[in-house]
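S.K.: show me how the following folds:
(one chain, ligands or ions: 1)
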Amino acid sequence: MISINQLLTYQRKLRSNDYILLNQLLDDVEVGAFFETNDGKSIIYGFGQKQTWTEMPNATESIVFGAKSFDNQLDTGIMNGFWFEPEIIVVLEDDKLLSNLITIDACLKKVQFKNSQPVQIVEEHNENDWSSRVQSLINELKKQESIQKVVFGRQQQLQFSNTLSLTTLVPVLRKQKNIYHVMIKKGHELFITATPERLIKISHDHLETAAVAGTIQRGKNESEDDAFGKILLRSKKNNEEHEYVVRSIVQQLHDVTSTLHIPTSPVLLKNKQVQHLYTPIVGRINTNVSIRNIVYKLHPTPALGGVPQQKAMDYIRNHEMMTRGLFASPVGYFTRDNIGEFVVGIRSMYVNGKNARLFAGAGIVVDSDSQQEFYETSLKFQPMHELLEELSTNGCTNV
Ligand SMILES: C=C(O[C@@H]1C=C(C(=O)O)C=C[C@H]1O)C(=O)O
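M.R.: Predicted coordinates for the structure are as follows:
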């Protein structure tokens, strides 16, 4: 078996301006991707396109980056799903830069730093009736016992004063800790996520996934934060929401795994704005089960869709204001030897030139409170808002 590191024939110690050059190269190429794990220890860049697809391919001779459409509703550009095999991959691990081509240094040498301008938000559109539509959903859940949970999304549309520069954006995004930073680019289009939620990590026959569902705010100080954490851990409503996700993951993985370890109760996963109930799940995959197979089995978990799945998906399709595109969808990469990692594209933003759509959603169950869910989604917009806030005062931050 060949591992991703063996795909790479060249390595050297990281130089201080490598990041600047790599991010600038992302600005220069037509198609690219960036994937940083939530511990910040591993980054993969993909540059250029050898092949592209709108559907996730079954296998690859090297590595494929991409994102799957949430539910195949017609959207624009990469929001319909976008996959590509890059010409060059660069991996940063333990202060080492690894690349599949000796030419990466030649490539980086050619990159010239361009100044970037601060980007202001000049127009903003919100779904002002979102809370009342959530209230209708709660009323519906009270009437009908056949549907238990719907993850209801909302979008914010923004217009920028000028286009974003990845040379500036990537280092600002990377300041947000304990979350994944993933970006897919094609031409003027970008999909960016600062998600805490891994869908799957696969290394040969070893699988890691997790249930992330049930949310509360962070406290202003440690004791308030602990108190909120305790409320979340004891909340019947949130534990029910969470349990739907655990049960569904176990069910979906049952016939493709030989072992599955599921902790009996969730712990807290803390991000800057919110804390979630979190159950990490690990297992062993049966032979000849592809990563694609597992991505398709798990997506959408009830953390992003609902319960029962089809009814929740129909509700989302009929009642959310806009199509989701890549929001809440699997985004990541996989290699020819069954290594790969996919996150779900939440706390995310789609950019097309000077226009952007920001996404947030919340799991709605019969005991939900529409104002509380509105507040929760406002917190979930924050990672992208904070990124844009910093880009509005900062041009080229990394020189
Ligand atoms: C849908 C989102 O988040 C999902 C919903 C959650 C919830 O309802 O508690 C928690 C984490 C995510 O699985 C989002 O951030 O937009």
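
S.K.: does the residue of the stretch 101-250 of the chain found nearest the ligand have beta-bridge partners, and which?
M.R.: Per Cβ to the nearest ligand atom, Thr215 is where the stretch 101-250 of the chain lies closest to the ligand, at 3.5 Å. All C-beta atoms are positioned from the backbone trio N, CA, C, and that covers glycine. Per DSSP bridges, the residues bridged to Thr215 are His276.

S.K.: count the neighbours of it for me.
M.R.: Per other Cβ atoms under 10 Å, the neighbour tally for Thr215 reads 25.

S.K.: which residues does it contact?
M.R.: Leu232, Asn238, Val274, Gln275, His276, Leu277, Ala362, Gly363, Glu376, Leu379, Lys380 (Cβ atoms under 8 Å, 6 or more residues apart in numbering).

S.K.: so which of those residues sit within strands?
M.R.: In this view, these that belong to strands under DSSP state E are Val274, Gln275, His276, Leu277, Ala362, Gly363.

S.K.: count of neighbours near the spatially closest residue to the fourth one that is not a sequence neighbour?
M.R.: Looking back up the chat, that one is Leu277. Distances taken as Cβ to Cβ, 6 or more residues apart in numbering place Gly214 nearest to Leu277, at 3.5 Å, with adjacent residues excluded. Look at Gly214: counted by other Cβ under 10 Å, it has 26 neighbours.

S.K.: thought Gly214 was touching Thr279?
M.R.: No. Using Cβ atoms under 8 Å, Gly214 is not in contact with Thr279, being 9.9 Å away.

S.K.: which neighbours do these two share?
M.R.: With Cβ under 8 Å, 6+ apart, Gly214 and Thr279 have common neighbours His242, Pro266.

S.K.: okay if I get the ones in strands among the contacts of Thr215 as TSV plus neighbour count, distance to the ligand and pLDDT?
M.R.: Below are the ones in strands among the contacts of Thr215 laid out as TSV (neighbours: other Cβ atoms under 10 Å; distance: Cβ to the nearest ligand atom, whole Å; pLDDT from 0 to 100):
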residue	neighbour count	distance to the ligand	pLDDT
Val274	20	8	97
Gln275	22	10	98
His276	23	5	98
Leu277	26	8	98
Ala362	23	5	98
Gly363	28	3	97
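
S.K.: of those residues, closest to Thr264?
M.R.: Of all these, Leu277 has the smallest distance to Thr264: 13.0 Å, by Cβ to Cβ.

S.K.: flag every residue of this protein that's near the ligand.
M.R.: Within reach of the ligand by Cβ under 6 Å from any ligand atom, the chain has these residues: 151, 197, 212-215, 276, 303-304, 328, 346-347, 359-363, 380.

S.K.: longest helix anywhere in the chain?
M.R.: Taking DSSP state H as the criterion, the chain has its longest helix at helix 370-393.

S.K.: next, the buried residues of that one.
M.R.: 370, 372-373, 376-377, 379-388, 390-391 (16 or more other Cβ atoms under 10 Å).

S.K.: with adjacent residues omitted, what lies nearest to Glu30?
M.R.: That would be Gly187: by Cβ to Cβ, 6+ apart, it lies 5.9 Å from Glu30.

S.K.: neighbours of the one you found, how many?
M.R.: Neighbours of Gly187 using other Cβ under 10 Å come to 12.

S.K.: from here on, call the first residue 339.
M.R.: Happy to do that; since the first residue is 339 now, the last one works out to Gly525.

S.K.: helices along the stretch 439-588 of the chain, start to end?
M.R.: For the stretch 439-588 of the chain, the helices defined by DSSP state H, counting those that start in this stretch occupy 442-448, 468-481, 504-511, 560-572, 574-591.

S.K.: the longest one packs against which elements?
M.R.: Pointing back at helix 574-591 there. strand 544-555, strand 612-623, helix 629-636 (3 or more Cβ pairs under 8 Å, 6 or more residues apart in numbering; DSSP states H and E).

S.K.: 6 Å instead?
M.R.: Contacts defined by 3 or more Cβ pairs under 6 Å, 6 or more residues apart in numbering; DSSP states H and E place helix 574-591 against strand 544-555, strand 612-623.

S.K.: just give me how far the last one sits from the chain centre.
M.R.: It refers to strand 612-623. Remark: strand 612-623 is offset 15 Å from the chain centroid, using Cα atoms, centre = their mean, to the nearest Å.

S.K.: quick one: contacts for Leu725?
M.R.: Residues near Leu725 by Cβ atoms under 6 Å, 6 or more residues apart in numbering: Val510, Leu511.

S.K.: should've said Glu728
M.R.: Taking Cβ under 6 Å, 6+ apart, one finds Val510 in contact with Glu728.

S.K.: same thing but 10 Å
M.R.: By Cβ atoms under 10 Å, 6 or more residues apart in numbering, the residues touching Glu728 are Pro456, Thr506, Leu507, Pro509, Val510, Leu511, Lys513, Thr735.

S.K.: the first one: neighbouring residues, count only.
M.R.: This points to Pro456. 14.

S.K.: cool, and Val588?
M.R.: 15.

S.K.: next one: Val510
M.R.: Per other Cβ under 10 Å, the neighbour tally for Val510 reads 17.

S.K.: residues touching Lys558, list them.
M.R.: Phe566.

S.K.: where's it relative to Ser573, distance?
M.R.: 20 Å (Cβ to Cβ, to the nearest Å).

S.K.: same check on Leu446?
M.R.: 50 Å.
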